[in-house]
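Enquirer: what's the 3D shape of this:
(chains A, B, C and D)
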Number of protein chains: 2
Amino acid sequence: MNNVNPQIDVRLVEYQANKLQELINEMNNCCQERIYLEAKMFGLPPSELKCLALFDGHRYLTAMTVAGKLEVAKSRATVIIDNLVRKGLLQRAPDPNDARVKLVSLTPKGQRKVREIEEFVFHLHSQLLGQIEASQRPNIISALEVLRSAMESIKAQLQV
Amino acid sequence: MNNVNPQIDVRLVEYQANKLQELINEMNNCCQERIYLEAKMFGLPPSELKCLALFDGHRYLTAMTVAGKLEVAKSRATVIIDNLVRKGLLQRAPDPNDARVKLVSLTPKGQRKVREIEEFVFHLHSQLLGQIEASQRPNIISALEVLRSAMESIKAQLQV
DNA sequence: ACAATATAGTTCACCGCATGAACAATGTCA
DNA sequence: TGACATTGTTCATGCGGTGAACTATATTGT
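Expert: Now for the predicted structure:
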């Protein structure tokens, strides 16, 4: 009669699973909203913003690399790059080592834009931190790290 | 000379903001992947899955309500409902109180599908919890709650 | 009571995002 | 050297989504 009541355990896990789902969904919704806010602020659709961000730390990228990192078809990468070239943010140059390849890079205007976007995003996350007690921040971050790891584990299992 | 070094503070916030951004992005990516996995598993696009979920706890919904909750145009709601009606998961009936209105509800097949989807999602989140030490779970959940609240605050400020 | 206005749902034309196939130019391999 | 692979582009197509126009119906104001 000294057994811990397993019914309470099941109920607790049930509550926690539902709570977790709710919280993850809500945070995901916030992220989606942020993405659209950025698109509006910078006058660029999400795909183009995402593309620009790829050049951070890279002098050149190829269309193939862009397609791979954005997880889109080659032809889609062409369209996105075309649009950004038209807007003066990216430029194309031939690759001296392989005549099939085009090297894509940020224009000076594109570099300024990327910096602007990064500063906005950084500022946003700083503000987010500002809403949290300084003493709590390490805990929040490590909690997210645990959750991120847990997600990666489940993801790996689901792909068997 | 006993001042706390403010440079360390700035560096810390910078590190934490960047870390936070990275973690949130990664979790968001995981969520997007989960959405596509579900679409594949249940053979329904995300919009239709999301529409089905709206009926949880509701005997009827109108197309207007569906459009509002999904945050899409009326015409888009019509298309989504049409597709689900065609698949035998939703049905339409006239509203006895207002001849303009169609009452949309789950078919028995739709109910089973919704239950199936909910069970899968619940199972997924339970597994996620299973990757976390039981003693840590309340902490993870409250950390997410703090973060969720912080996000809502920033969101409210950005909409002024 | 009736005309003006609002509402619900549908239809339709259109746009943006994304795919895959086909292609030409170029590179690699047998 | 020919067969095969790769890169980037073009093009046709499909899906998700919008807004306008429309019909039927409800509501409001005179």
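
Enquirer: rest of the way, CA atoms for contacts and neighbours
Expert: Fine.

Enquirer: how about the residue most central in space within chain A, secondary structure?
Expert: Nearest to the geometric centre of chain A sits A:K50, at 7.9 Å (C-alpha atoms, centre = their mean). Secondary structure, DSSP: H, G, I helix; E, B strand; the rest coil: A:K50 is helix.

Enquirer: ok now do it, which residues does it touch?
Expert: Shown in contact with A:K50 (C-alpha atoms under 8 Å, 6 or more residues apart in numbering or on different chains): A:L70.

Enquirer: where's it relative to DNA strand D, distance?
Expert: As judged by C-alpha to the nearest atom of the strand, to the nearest Å, A:K50 and DNA strand D stand 17 Å apart.

Enquirer: And that residue, how far from B:Q127?
Expert: Distance, A:K50 to B:Q127, using C-alpha to C-alpha, to the nearest Å: 31 Å.

Enquirer: Write out the residues of chain A neighbouring chain B.
Expert: Counting by C-alpha under 8 Å from any C-alpha of the partner chain, chain A comes close to chain B at A:13-14, A:16-21, A:23-24, A:26-28, A:30-31, A:122, A:125-129, A:131-132, A:137-141, A:143-148, A:150-155.

Enquirer: And DNA strand D, is stretch A:60-72 touching that?
Expert: Yes: using C-alpha under 7 Å from any atom of the strand, stretch A:60-72 reaches DNA strand D at A:62-65.

Enquirer: helices or strands up against the top strand by length along chain A?
Expert: Longest strand of chain A, by residue count under DSSP state E: strand A:98-106. With contacts defined as 3 or more C-alpha pairs under 8 Å, 6 or more residues apart in numbering or on different chains; DSSP states H and E, strand A:98-106 has these neighbours: strand A:61-62, helix A:63-70, strand A:90-95.

Enquirer: quick one: contacts for A:R148?
Expert: Applying C-alpha under 8 Å, 6+ apart, we find A:R148 in contact with B:23, B:26-27.

Enquirer: Give me the distance between it and B:G110.
Expert: 33 Å.

Enquirer: same deal with A:K155?
Expert: A:K155 is 28 Å from B:G110, by C-alpha to C-alpha.

Enquirer: Could I have the PyMOL command that selects the buried members from the residues of chain A next to chain B?
Expert: Buried residues among the residues of chain A next to chain B (16 or more other C-alpha atoms under 10 Å in any protein chain shown), as a PyMOL selection:
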select buried, chain A and resi 13+14+16+17+18+19+20+21+23+24+27+28+30+31+122+125+126+127+128+129+131+137+140+141+143+144+145+146+147+148+150+151+152+154+155
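
Enquirer: For chain A, give me the ranges with low pLDDT.
Expert: A:1-4, A:160 (pLDDT under 70).

Enquirer: how does it look with 90?
Expert: Under the criterion pLDDT under 90, the flagged ranges of chain A are A:1-11, A:155-160.

Enquirer: Going along the chain, name the helices of it.
Expert: Assigned by DSSP state H, chain A shows helices spanning A:6-42, A:46-54, A:63-70, A:74-86, A:108-130, A:137-158.

Enquirer: Could you point out which of the ones you listed sits nearest B:V114?
Expert: Set against B:V114 and scored by C-alpha to C-alpha, the helices of chain A come closest in helix A:6-42, at 15.9 Å.

Enquirer: Tell me, domain by domain, which residues of chain A belong where.
Expert: Per automatic domain parsing, the structural domains of chain A span A:1-42, A:44-158.

Enquirer: of all the ones you listed, which lies closest to B:L54?
Expert: Here domain A:1-42 is closest among those (C-alpha to C-alpha), at 14.2 Å.

Enquirer: Any part of the closest one near DNA strand D?
Expert: No: counting by C-alpha under 7 Å from any atom of the strand, DNA strand D has no neighbours in domain A:1-42; the shortest distance is 11.6 Å.

Enquirer: Tell me the gap between that domain and the middle of its chain.
Expert: Counting by C-alpha atoms, centre = their mean, to the nearest Å, domain A:1-42 is centred 20 Å from the centre of its parent chain.

Enquirer: what's the answer for stretch A:28-46, then?
Expert: Stretch A:28-46 sits 11 Å away from the centroid of its parent chain (C-alpha atoms, centre = their mean).

Enquirer: List the contacts of it.
Expert: The set of residues external to stretch A:28-46 that reach it, using C-alpha under 8 Å, 6+ apart, is A:49, A:117, B:28, B:31, B:151-152, B:155.

Enquirer: Turn these into a markdown table, including distance to A:V72.
Expert: A markdown table is the format used below for the contacts of stretch A:28-46 (distance: C-alpha to C-alpha, whole Å):
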| residue | distance to A:V72 |
| --- | --- |
| A:L49 | 14 |
| A:I117 | 22 |
| B:N28 | 18 |
| B:C31 | 18 |
| B:M151 | 30 |
| B:E152 | 32 |
| B:K155 | 30 |
